[in-house]
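**Q** please find the sequence and the predicted model below.
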Amino acid sequence: TVFSLGSKDALLSFWKHFASHPCMAGFRGINEQWQACTLPLFMHGDAVPTIGCGKVWAKLLQAYSWGCLLARGTTKKRSLYLWGAFEQNLKHGGEGTLKNSFLVLKWSFTALQTGKFPSHDWRGRKFAEGSQEHALAGFFLAGGLCGHLVSIQGDLEWHASALDLPRWNLKAEGCSVCKGADEGEQTWKVFNNPTHILNLEWQAAQWHSWEKHSRCPLFSIPFLSACNVMPDYLHLKYLGSDQYQFGAVFFLLTHFLLPAGPLDNLQFLWQRIKHWYSVVGTKHKYHHFNRLTMFVRKAGLPKLRGRGAEVLGLCSIMPQLWQEHMNHNLEAHRMILQMLKCNQRMEDLMSLYRDETAFPADGAEEFRAAAFQMCQLNALLHQFYLDDPEMKGAFAVTMKLHMLLHLALHCHQINPRLAWRSEEHTSELQ
């Protein structure tokens, strides 16, 4: 149950939708009926604070896990821990820790792709005659089942530091999965044209021929490329765009719209938040919301603090909270309301199709429309407040906002929830 729903129909249904995904171009399975025996696998990587959490001297553990996309249950149940190492203990260079670990993973996932025990070790040396490994070589690993690594998941920092993919904050080649740049004709800062984003996306062969493509050994597994990199929905939205949107809204409410001082206004808002929590039946809640530093920073744009689940819990109540106190005569305020409603609609659809491997056609179209409208309004609001010294250019436009659209564009092929690793593993490691 860790790896599959136990149903051939579930496999066939997944591949029916996913076979058209860009990462599947030219894919050849182990036989003509490969869709009935190939498990879609994921691997997730992240740097997790484990010692001195919240301190400047915190030690990060690079942690890796894997599993089957069709597995159900909590992250602990459907993800298998692979390995981890403290970042300061990693050896760098050609024979470095990450390079060798990725070579081992390449060897293992390649064997899973064939469905048979390998004849050589991870260094390419043939197993000695008489050894157990030599005796098993060529036999089925799992009774005819095999596995294909279709989804490499992690946040943007891990993409750049571990996978050697483009760094998100560079002006050129900043996106992990497309040719988008900060400026020019190929800018990623277009949020009202799905065709523009699709045209920016890499094709597998095109990416491998690009002179700057990653040399990470994972991408030398047959049929793997940047097209298999799937940004983590949790980090893109709840720990990304939502934090800037909600932080700006709370800043407007506490500093400009409500009549008392900012801290007193926040105390009032906290009562309204708890009221709306009760009305909608919010599962994951903030336990306290009594400090302005929850969204006001010493430097930089307003940004909400909190765990991903806590931020998710606000998505369903932010439109009501804003509508209670907004100025309906101001266009910017109406834009904020519509942005929050689009955000809420995205989460409604995520909940509605939580058990599907891909969104149905009508649901996918609605999800894409809501995502693009939300992101476009976010960008317009950022421009509106850019020269406002008190708002400090709120509603930040970041690479995460752009990469959220990549997930939306392919939701008819794979549910964004399948590219969503929760924080349960992080808590367990900590």
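**A** Structure's in. What do you need?
**Q** without its sequence neighbours, what residue ends up closest to Leu145?
**A** Of all residues not flanking Leu145 in the chain, Cys37 sits nearest, at 5.3 Å (Cβ to Cβ, 6 or more residues apart in numbering). C-beta coordinates here come from the backbone N, C-alpha and C atoms, glycine included.
**Q** show me which residues of stretch 378-388 are buried.
**A** Residues Asn378, Ala379, Leu380, Leu381, His382, Phe384, Tyr385 are the ones in stretch 378-388 that count as buried (16 or more other Cβ atoms under 10 Å).
**Q** from Lys392, how far out is the first one?
**A** This means Asn378. Look at Asn378 and Lys392: by Cβ to Cβ, to the nearest Å, they are 15 Å apart.
**Q** number of nearby residues for Phe27?
**A** Using other Cβ atoms under 10 Å, Phe27 has 17 neighbouring residues.
**Q** what's in contact with stretch 191-209?
**A** Applying Cβ atoms under 8 Å, 6 or more residues apart in numbering, the contact partners of stretch 191-209 are 22-23, 25-26, 175, 177-180, 186, 188, 190, 210, 213, 219, 223, 225-227, 368, 372, 375-376, 378-379, 401-402, 405-406, 409.
**Q** give the buried residues for it.
**A** In stretch 191-209, counting by 16+ other Cβ under 10 Å, buried: Phe191, Pro194, His196, Ile197, Leu200, Glu201, Trp202, Ala204, Gln206, Trp207.
**Q** how far does it sit from the chain's center?
**A** Averaging C-alpha positions (Cα atoms, centre = their mean, to the nearest Å) puts stretch 191-209 18 Å from its chain's average.
**Q** so that it lines up with my notes, have the first residue be 127 from now on.
**A** Taking 127 as the first residue, the last one we looked at is stretch 317-335.
**Q** before we move on, the earlier item: was I right about the residue nearest to Leu271 contacting Gly270?
**A** Yes. Cys163 is within contact range of Gly270, at 5.7 Å (criterion: Cβ atoms under 8 Å).
**Q** first vs last residue of stretch 478-487, how far apart are they?
**A** When the termini of stretch 478-487 are compared using Cα to Cα, to the nearest Å, they are 14 Å apart.
**Q** got the buried residues for that stretch?
**A** Along stretch 478-487, these residues count as buried under the neighbour rule (16+ other Cβ under 10 Å): Tyr479, Thr483, Ala484, Phe485.
**Q** out of the residues you listed, the closest to Glu221 would be?
**A** Glu221 lies nearest to Thr483 out of the buried residues of stretch 478-487, by Cβ to Cβ, at 39.5 Å.
**Q** residue contacts, that closest one?
**A** Ala136, Ser139, Phe140, His143, Phe144, Leu195, Leu196, Ile540, Asn541, Leu544.
**Q** run a quick neighbour tally on Thr223.
**A** Here the count is done by other Cβ under 10 Å, and Thr223 has 16 residues near it.
**Q** residues contacting it?
**A** Ala211, Asn215, Leu216, Lys217.
**Q** tell me the one of those residues nearest His401?
**A** Proximity of these to His401 (Cβ to Cβ) peaks at Ala211, which lies at 46.4 Å.
**Q** immediately after the host helix or strand of the closest one, which helix or strand?
**A** For Ala211, the host element (DSSP states H and E) is strand 206-212. Proceeding N to C from strand 206-212, the next assigned helix or strand is helix 223-240, under DSSP H and E.
**Q** which positions within that next one qualify as buried?
**A** 223-224, 227-229, 231-239.
**Q** could you do stretch 515-522 as well?
**A** Met517, Lys518, Gly519, Ala520, Phe521, Ala522.
**Q** assumed the third one was part of a helix.
**A** No. With DSSP: H, G, I helix; E, B strand; the rest coil as the criterion, Gly519 is assigned coil and is not in a helix.
**Q** against Lys518, how distant is the spatially closest residue to it that is not a sequence neighbour?
**A** Using Cβ to Cβ, 6+ apart and skipping the chain neighbours, the partner closest in space to Gly519 is Leu512 (4.5 Å). According to Cβ to Cβ, Leu512 stands 9 Å off from Lys518.
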